[in-house]
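In: model this:
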Amino acid sequence: MRRTDPNTQDILADGSGELDEQFDRAVAGALADSDADSYVVEQAVKQVDELEDAWGTSTGQLGKRLVVESPDSGSQFLRTFDDAQIHKLNTQISDGTVSQSSVFEFVDDVENIRQLRYQTIDAEGISMPQLAKFIDTSDGYAARLANDLGGGKLAGAIELDPADRDILTEVAYKESLDGTDALASDTLTARDLLDLSDDTDLSRLQMVAKTGPDGNTRFLTTDRWEHIRGRHITGTEPNPNADVTGFYPTGEEVSKAGTTVELPDSNIENNDIRVMIRETIEAGGEESDFPINKHGIKDFKVNIGKDGQIETAYPVRGDDVVRWNGNEFRRWDSETNSWVAYNGQPSTQQSLTAPVVRSLQPA
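Out: Numbers count the residues shown, from 1 in each chain. Next comes the predicted model:
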């Protein structure tokens, strides 16, 4: 170990007890490390004395622990935040708002401590209690959010309801939604989800996708999913703007104008539909008859509304697709490339050479 200056030697010789000994060793090691910022470490040592004098032993011990756990980043954290802020953080630890170990992990992993303080804490008015709660309720992703968002954007994540923040981190870092990988694009970022949270309740997301790595975010909410179910699965939602309505091949019965049929059954499930929506968006197929070729559906359409919200999604044609034409049910026949009469018994269908269909698009 290279020689330290006399003042530092005095500090190292003054410790007592287990924490003090660990602190002394951490400081000595940092000062001996040619890659360490010796000035910052020495200033942190002086600040520990100030913390103990002004705010008591407990706050001083937090300062020592920060240096022990991570000499470089812990010392930088102490030198960046003032004594009163360190005391407030220690109070949150003492009150049980956040564990000491979580704070140490956060401090060690944050890449830009100065940005955290000046662009998030000071400029955006985030308090130390808010920071402590953020660290505690972010499921270990607090530092990663700080690194990925930075500055004022991080303040938005701190102010999010913890349940919404859980959804943000699940989509951005686990590439899943509600525990299902297939319901979220793997190109979505924390910034994408934070921007989406400005106008959307993340807890009501049914699926979220992106048109490409640098593309636009698209999302399906519970309200619009219920529309899709009522219009194109159960048939219980009327279609006031069009007489043509396509149905997913669920094998269930649907009724229109006193006529009831059993739909073809392609073993399609609710999540299969959400996945088809995601795949269509990722492929750039929104607002077109996209060739999905799944679950007896040949062509599929996804309509996008305001701010990227998915308004509806429905089967356009395919061998298992049945639609209501305003006065009767028909089924698509790929051999004749036309709609054939359908009474719920697929094997007895008869092709219509001149099918009467309206020009209106399905809703």
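In: what kind of secondary structure is residue 292 in?
Out: strand (DSSP: H, G, I helix; E, B strand; the rest coil).
In: just give me the neighbour total for it.
Out: Using other Cβ atoms under 10 Å, residue 292 has 21 other residues around it. C-beta here means a position set from N, CA and C on the backbone, and glycine is covered the same way.
In: need the contact partners of stretch 315-325.
Out: Contact with stretch 315-325 is made by 232, 235, 243-249, 254, 256, 261, 263-266, 289, 295-301, 329-334, 339, 342, 356-358, 362, as judged by Cβ atoms under 8 Å, 6 or more residues apart in numbering.
In: which of those residues fall in strands?
Out: 245-247, 254, 256, 261, 297-301, 329-333, 339 (DSSP state E).
In: all strands for the stretch 151-300 of the chain, in order.
Out: In the stretch 151-300 of the chain, the segments counted as strands under DSSP state E, counting those that start in this stretch are 205-210, 217-221, 245-247, 253-256, 259-262, 290-294, 297-304.
In: residues of the second one that come out buried?
Out: The reference is to strand 217-221. Residues of strand 217-221 classed as buried by neighbour count (16 or more other Cβ atoms under 10 Å): 217-221.
In: for stretch 82-102, measure first residue to last.
Out: Using Cα to Cα, to the nearest Å, one end of stretch 82-102 lies 20 Å from the other.
In: out of the buried residues of strand 217-221, which is nearest to residue 115?
Out: Of all those, residue 217 has the smallest distance to residue 115: 25.3 Å, by Cβ to Cβ.
In: now do the contacts for the closest one.
Out: Residue 217 neighbours (Cβ under 8 Å, 6+ apart): 188, 192, 195-196, 208-210, 308.
In: give the contact list for residue 210.
Out: 185, 187-188, 192, 216-218, 281-282.
In: please tell me which one of those residues counts the most neighbours.
Out: residue 281 (29 neighbours).
In: quick one: it and residue 220 touch, right?
Out: No. Using Cβ atoms under 8 Å, residue 281 is not in contact with residue 220, being 9.6 Å away.
In: got CSV for the strands of the stretch 151-300 of the chain, with mean pLDDT and distance to residue 321 too?
Out: Below are the strands of the stretch 151-300 of the chain laid out as CSV (pLDDT from 0 to 100; distance: least, Cβ to Cβ, whole Å):
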stretch, mean pLDDT, distance to residue 321
strand 205-210, 98, 21
strand 217-221, 98, 21
strand 245-247, 96, 6
strand 253-256, 94, 13
strand 259-262, 94, 13
strand 290-294, 97, 11
strand 297-304, 98, 6
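In: for these, which one sits closest to residue 170?
Out: Closest of these to residue 170 is strand 205-210, at 10.3 Å (criterion: Cβ to Cβ).
In: of the ones in strands among the contacts of stretch 315-325, select the buried ones using a PyMOL command.
Out: The following PyMOL line selects those of the ones in strands among the contacts of stretch 315-325 that are buried, judged by 16+ other Cβ under 10 Å:
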select buried, resi 245+246+247+254+256+261+297+298+299+300+301+329+330+331+332+333+339
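In: let me see the ranges of the helices in the stretch 151-300 of the chain.
Out: 151-159, 162-174, 190-197, 222-232, 270-282 (DSSP state H, counting those that start in this stretch).
In: same for the fourth one, what does it pack against?
Out: Same thing as helix 222-232. strand 205-210, strand 245-247, helix 270-282, strand 310-317 (3 or more Cβ pairs under 8 Å, 6 or more residues apart in numbering; DSSP states H and E).
In: so who does residue 147 touch?
Out: Counting by Cβ under 8 Å, 6+ apart, the residues that residue 147 touches are 109-112.
In: and those residues, which of them are in strands?
Out: Among these, no member lies in strands (by DSSP E).
In: among those, which one has the most neighbours?
Out: For the contacts of residue 147, neighbours tallied by other Cβ under 10 Å; top is residue 110, 19 neighbours.
In: doesn't residue 121 make contact with it?
Out: No. Using Cβ under 8 Å, residue 110 makes no contact with residue 121, being 12.0 Å away.
In: ok so, going back, nearest to residue 45, of the helices of the stretch 151-300 of the chain?
Out: Closest of the helices of the stretch 151-300 of the chain to residue 45 is helix 151-159, at 29.2 Å (criterion: Cβ to Cβ).
In: show residues contacting that closest one.
Out: Applying Cβ under 8 Å, 6+ apart, the set of residues contacting helix 151-159 from outside is 115-116, 119-120, 123-126, 130-131, 134, 145-146, 149, 165, 168, 190-191, 194, 197-198.
In: any idea how this structure splits into domains?
Out: The chain breaks down by automatic domain parsing into domains covering 1-95, 160-363.
In: appreciated, that's everything.
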